[in-house]
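> here's my sequence, what's the structure:
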Amino acid sequence: MEYIFETLGNLVRQTAFFNLTWGNFIMILVACVFLYLAIKKDYEPLLLVPIAFGMLLVNIYPDIIASPEETSNGVGGLLYYFYVLDEWSVLPSLIFMGVGAMTDFGPL
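Residues are numbered from 1 along each chain as shown. Next comes the predicted model:
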């Protein structure tokens with residue numbers, strides 16, 4: 001039993017959960033509320049689900065938005081590359097076409 005507690009303690013200390021502040025917990029709670037509203041209450045799910053997942057990603061693991069210069073191996077985080085696609089105006093066009101096609105065209 002002691003081994004299980006030691007392993008769980010190491011898991012908490014070696015992951016991003018050890019560095020979370022009260023602000024991160026509040027934002028995680030807000031993200032969970034957004035997910036609840038989008039999934040259970042069906043309030044604007046096309047808008048709230050991506051916002052909530054973005055909030056969860058950034059607040060649970062902040063290094064996911066790191067640029068390549070900030071990391072030790074020279075590779076940026078996942079959301080950094082989404083930012084680059086947004087900066088090049090590729091991502092907004094893809095999102096516009098995808099969401100527009102999904103909402104405008106129903107089953108024929």
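
> C-alpha from now on. contacts and neighbour counts both.
Noted.

> helix or strand with the lowest mean pLDDT in this structure?
In the chain, the helix or strand scored least confidently by mean pLDDT, DSSP states H and E is helix 91-104, which has a mean of 81.

> what's in contact with that helix?
Helix 91-104 is contacted from outside by Leu46, Phe82, Leu85, Asp86, using CA atoms under 8 Å, 6 or more residues apart in numbering.

> try 7 Å this time
The contact list for helix 91-104 (CA atoms under 7 Å, 6 or more residues apart in numbering) reads Leu85, Asp86.

> now do the helix or strand Gly9 falls within: distance to the chain's middle.
According to DSSP states H and E, Gly9 maps onto helix 2-14. How far helix 2-14 lies from its chain's middle: 25 Å, per CA atoms, centre = their mean, to the nearest Å.

> so after that helix, what's the next helix or strand?
Counting by DSSP H and E, what follows helix 2-14 is helix 22-39.

> buried ones in that following helix?
Across helix 22-39, burial judged by 16 or more other CA atoms under 10 Å covers Asn24, Met27, Ile28, Ala31, Cys32, Phe34, Leu35, Tyr36, Leu37, Ala38.

> which of those lies closest to Pro62?
Asn24 (9.7 Å; CA to CA).

> state the distance from the residue nearest to the closest one when sequence neighbours are not counted to Leu48.
Distances taken as CA to CA, 6 or more residues apart in numbering put Asn59 closest to Asn24, at 5.4 Å, once the chain neighbours are dropped. Going from Asn59 to Leu48 by CA to CA, to the nearest Å gives 16 Å.

> what does Asn24 give?
For Asn24, the distance to Leu48 - CA to CA - is 18 Å.

> low pLDDT regions in the protein?
16, 106-108 (pLDDT under 70).
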